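J.: here's a sequence, model it:
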Amino acid sequence: MRYNPKAKLDRSQVQVRRGGGSGGGMGGLPIGGGGGRGLKVGGGIGGLIILVIIFLLQSQLGGSPSIGPGEGGGGAGSETSLDQCESGADANQDRNCALLADVNSIQAFWAEALPEQAGVRYRKATTILFPEGAVSTGCGNATSDVGPFYCSADEQVYLDPAFFDEMLEGQLGARGGPFSEAYVLAHEYGHHIQDLLGTMGQVRTQQGPTSDAVRLELQADCYAGVWTKHATEVPDESGEPFILDLTDQDIADALDAARAVGDDRIQKRTSGRVDPDRWTHGSAEQRMRWFSTGMRTGSLQACDTFSASRL
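T.: Below is the predicted model of the structure:
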């Protein structure tokens, strides 16, 4: 994966927030159902691995998750800055600049594709990096336990930068790589697209192999694939593409990340058994397949998981 050294980065799309929440602010984590501004799939947070992370932490730590700032996903605060990020050349050298370039590319793509494919105007969603392990959001206080997530109440994506090393590659066993990180961001912006299209309002059932929650997450994977198909074509404001090339290895890394966060794989990894009735995000095979569907077709219409008879 190579970023275009000539591409100009827009730092306004990503912010670093420090000291923005308390470690215990998540309480019982009301994920399913209900209204208001609580943390929940489909209404508040549409995270990459919300229940998956809970299962993992419960298995390893016992009881409910209680990781606070500086533990688990936190502790990288002094290393997170975007001041040095001006161009694609910086993205090729600096991980945080690469995340910024990914966000710029994803948003530039949807700003064109969403009106063209769905007749809906795109609204930019800021990505908030919270390197101290906790953050206050429009959906409530959150800690790194949740993993990356999208909050529909404030239309922002939230990410602890340490997630990739400590959780995705560490506890979840993905092999990592720059494009696996781009996939994670593209998935979260897939939830933003769902929010703009009103799809989140369709979520009624929160668990199970054919639940609305699973359909929502698989669709976000598919939307990530849609961006991937066009990623090397998306230009900055001056017409320079953000990304010059993606290799077969890059795509394999993204698929590996999708596999790593499959419900069945994590259940087997943490408890030794698979229970589809508790699925919230879909199996490893489903996540890889729907990402591939989006990448193959480049079409929003091909990502209609809510009408699909086979998930």
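J.: buried residues in stretch 111-123?
T.: Across stretch 111-123, burial judged by 16 or more other Cβ atoms under 10 Å covers 113-114, 122. Heads up, the C-betas are built off the backbone N, CA and C, glycines and all.
J.: any idea how far that stretch is from the chain center?
T.: 20 Å (Cα atoms, centre = their mean, to the nearest Å).
J.: what stretches of the stretch 1-150 of the chain score poorly on pLDDT?
T.: For the stretch 1-150 of the chain, the stretches with pLDDT under 70 are 20-78.
J.: okay, helices next: where are they in it?
T.: All helices of the stretch 1-150 of the chain, identified by DSSP state H, counting those that start in this stretch, fall at 50-61, 88-91, 95-118.
J.: now distance to residue 187 too, for those, in CSV please.
T.: Listed next are these as CSV, based on distance: least, Cβ to Cβ, whole Å:
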stretch, distance to residue 187
helix 50-61, 12
helix 88-91, 20
helix 95-118, 10
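J.: most tightly packed of these?
T.: With neighbours taken as mean count of other Cβ atoms under 10 Å, the helices of the stretch 1-150 of the chain reach their highest mean count in helix 88-91, at a mean of 23.
J.: for the spatially most central residue of the chain, grab phi and psi.
T.: With distances taken as Cα atoms, centre = their mean, the residue of the chain nearest its centroid is residue 188 (3.3 Å). Here the main-chain torsion angles of residue 188 (degrees, to the nearest 10) amount to phi -70, psi -40.
J.: for the residue in the chain sticking out farthest from the centre, give me its contacts.
T.: The C-alpha centroid of the chain is most remote from residue 238, which lies 27.5 Å away (Cα atoms, centre = their mean). Shown in contact with residue 238 (Cβ atoms under 8 Å, 6 or more residues apart in numbering): residue 8.
J.: ditto for the one 10 residues further on
T.: Counting by Cβ under 8 Å, 6+ apart, residue 248 touches no other residue.
J.: for residue 241, see how far away it is.
T.: With distances taken as Cβ to Cβ, to the nearest Å, residue 248 is found 19 Å from residue 241.
J.: next one: residue 146
T.: Residue 146 sits at a distance of 33 Å from residue 241 (criterion: Cβ to Cβ).
J.: give me the more crowded residue out of these two.
T.: residue 146 (26 against 19; other Cβ atoms under 10 Å).
J.: can you show me the helices along the stretch 201-311 of the chain?
T.: Using DSSP H, counting those that start in this stretch, helices in the stretch 201-311 of the chain cover 212-230, 248-260, 263-271, 284-297.
J.: buried residues in the shortest one, which are they?
T.: Residues 263-267, 269-270 are the ones in helix 263-271 that count as buried (16+ other Cβ under 10 Å).
J.: over to the last one?
T.: Of the residues in helix 284-297, 284, 286-295 count as buried by neighbour count, 16+ other Cβ under 10 Å.
J.: what residue ranges in the stretch 151-300 of the chain score low on pLDDT?
T.: Checking the stretch 151-300 of the chain against pLDDT under 70 turns up nothing.
J.: could you list every residue that touches residue 11?
T.: Contacts of residue 11 by Cβ under 8 Å, 6+ apart are 82, 85, 100.
J.: go again using 10 Å as the cut-off
T.: 82-86, 97, 100, 104 (Cβ atoms under 10 Å, 6 or more residues apart in numbering).
J.: can you count the residues close to residue 226?
T.: For residue 226, using other Cβ under 10 Å, the count is 27.
J.: who's in contact with it?
T.: 109-110, 113, 117, 186, 190, 193, 291, 293-300, 302-303.
J.: again, only using 7 Å
T.: 294, 298-300, 303 (Cβ atoms under 7 Å, 6 or more residues apart in numbering).
J.: okay, it and residue 178: tell me how far apart.
T.: From residue 226 to residue 178 the distance is 19 Å (Cβ to Cβ).
J.: what pLDDT does the nearest residue to residue 219 once chain neighbours are set aside get?
T.: Computed as Cβ to Cβ, 6 or more residues apart in numbering, the closest residue to residue 219 that is not its neighbour in sequence is residue 305, at 4.3 Å. We have a pLDDT of 98 for residue 305.
J.: about what we covered before: residue 154: which of the buried residues of helix 263-271 is nearest?
T.: residue 263 (27.4 Å; Cβ to Cβ).
J.: measure the closest one to residue 220 for me?
T.: 14 Å.
J.: ditto for residue 152
T.: 13 Å.
J.: ok, those two, which is more surrounded?
T.: Taking neighbours as other Cβ under 10 Å, residue 152 and residue 220 compare with residue 220 leading, 31 against 23.
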